[in-house]
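>>> Below is the sequence, then the predicted model.
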Amino acid sequence: MESACRQNVLFMAVGGGATPHFTTLAAFVSTGGEALSQLFTQVLVVCDRQGLIGRQRFAIDGVQLPSTASKARSGTRKECQREARKMERAVQGMLARHRQEDLPHPYEPSLRQREARQVERLKEEAAKIRTWLQTHPEDRRGVRGTIRKSNRTDHESAKMATGKGGIPGDTGVAVVDEQHQILVAAQAHGVGQEQELLLPVVEAVHAFRTDATIMTADGGYHSEANLNQLAEQGIDASLPDNGYGKRDPRYHGQEQHRSKPAPLYNKSATPRPPQLFRPPAFHRADDRSHCGCPAGQRLYGNGHHRDRRGTVALKFTGRKTAGGDCAMRMRCLRSPETTAVRQVSLVLGPTVGKPETCTARMKRQIDSPLGREMITRRFATVELGFGNLRHNKRLSRFTLRGRRKVEGQCGNCTVWCTTLRS
């Protein structure tokens, strides 16, 4: 940018002939998050006045981007303490070896200087870890109370699992209006799981929502707790569960495209292991005393019902004497070498007297023609914004540290996208 302000006529015209130093530009990018947030609000107000925000459907989605945090400095407090003790033991061992070698043998000056520098480096790194442990006395916790790995270079980032392994980074979440693909909210969180990000981003668009606004998201934001919160607030939402793709005939056969090796991989057909028999392959008798398996054997009830998330299911178990020589044993058991018999639960219906869960209602809504249409329209709404951010604006990683700065960088690109759309 500094070079463009000196050489490019367009930049000279926009900057009024000013040639700021690159450090000034870098300082503005890293500290201008609050100003960019106010500018983003003003741009949204202009878009709303022009009627570009329809308020009918908002699509939510997120993208995991790497940050500048060091991958080697990620871990829990227990792992950091173990690393500090390991460094301190290494220093003590090297010093003890030096004392033993100094008595009877002369030493090489260059080797001793190199080892001395290594000792100082280990001492300094161990001291940094101890200081970080004192500054952060507790581990980060997830929604379910599990320990979340921290990062000593950027404590607010998270170690996230991606297709290229675990990387330190942040999750950028955006809300896009369906009418003209206007980004109405953008946030950045040092969280790898998307479930806990739904309610904060819904609250961020409270000023733009109406009673008729429908919030749509993918299966990563689905949970019973989120659906209960949305129902209590009276927010109409369309959140498919993770298994909706198996129930939708449009996605049949998608398993073969989930994991592809390099472009030059062997494209010849490879044998696939046989699919295990699922509960629909077992037929229950009318008197519910037993059920028949695909091999013609009988599985008998174990004497009690099971309540599974608001539904009643009958559990059947096969006889140990009947499954040893079965020809379909490999398609019936995951571990035929160690598992004696097959057990299966067949659903009867909803539990009597127990209210229907929000997940069950959402499944029925998603499986309807209108629900499937919502999923398709969500793709066409939110993916355009992320394509613009990542491809056109080249936001392939967060170059700042700390949630406030990262969110300012994310909001900066969002202002560009929103201004371009308006």
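Okay, I see it.
>>> Identify the single longest strand in the protein, thanks.
strand 165-177 (DSSP state E).
>>> The helix or strand following it pairs with which strands?
Using DSSP states H and E, the helix or strand that follows strand 165-177 towards the C-terminus is strand 183-189. The pairing partners recorded for strand 183-189 under DSSP bridges are strand 165-177 (antiparallel).
>>> Put the alpha carbons of the partner strand into CSV.
In CSV, the C-alpha atoms belonging to strand 165-177 read as follows (Å, rounded to 0.1, in the frame of the first residue of the first chain):
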residue,chain,number,x,y,z
GLY,A,165,-4.3,-31.6,10.8
GLY,A,166,-4.6,-29.4,13.8
ILE,A,167,-3.9,-25.8,13.3
PRO,A,168,-4.1,-22.7,15.6
GLY,A,169,-6.7,-20.3,14.3
ASP,A,170,-10.1,-18.7,14.8
THR,A,171,-13.5,-19.3,13.4
GLY,A,172,-15.1,-16.4,11.4
VAL,A,173,-18.9,-16.4,11.6
ALA,A,174,-21.0,-14.3,9.2
VAL,A,175,-24.7,-13.6,8.8
VAL,A,176,-25.9,-12.9,5.3
ASP,A,177,-29.3,-11.5,4.2
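>>> Okay, buried residues for it please.
167-177 (16 or more other Cβ atoms under 10 Å). All C-beta spots, glycine's among them, are computed from the backbone N, C-alpha and C.
>>> got a markdown table for those residues, with distance to A84 and pLDDT too?
Output for the buried residues of strand 165-177, formatted as a markdown table (distance: Cβ to Cβ, whole Å; pLDDT from 0 to 100):
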| residue | distance to A84 | pLDDT |
| --- | --- | --- |
| I167 | 24 | 78 |
| P168 | 19 | 82 |
| G169 | 25 | 82 |
| D170 | 26 | 84 |
| T171 | 29 | 85 |
| G172 | 33 | 84 |
| V173 | 35 | 88 |
| A174 | 39 | 86 |
| V175 | 42 | 89 |
| V176 | 45 | 89 |
| D177 | 49 | 89 |
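>>> what's the closest of those residues to V119?
P168 (28.5 Å; Cβ to Cβ).
>>> Check whether the closest one really touches L65, as I assumed.
No. P168 is beyond contact range of L65, at 10.6 Å (criterion: Cβ atoms under 8 Å).
>>> what ranges do the helices span in the stretch 251-400 of the chain?
358-366, 369-387 (DSSP state H, counting those that start in this stretch).
>>> Between these, which one is closest to G17.
Set against G17 and scored by Cβ to Cβ, the helices of the stretch 251-400 of the chain come closest in helix 369-387, at 34.7 Å.
>>> Remind me what that closest one packs against, helices and strands.
Other helices and strands packing on helix 369-387, by 3 or more Cβ pairs under 8 Å, 6 or more residues apart in numbering; DSSP states H and E, are strand 57-66, strand 165-177, strand 214-216, strand 236-238, helix 358-366.
>>> mean pLDDT for the ones you listed: which is lowest?
In terms of mean pLDDT, the lowest-scoring of the helices and strands packed on helix 369-387 is strand 165-177 (a mean of 83).
>>> hmm, back to that, turn the buried residues of strand 165-177 into CSV, including distance to L333.
Formatted as CSV, the buried residues of strand 165-177 follow (distance: Cβ to Cβ, whole Å):
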residue, distance to L333
I167, 37
P168, 41
G169, 40
D170, 43
T171, 39
G172, 43
V173, 42
A174, 45
V175, 46
V176, 46
D177, 50
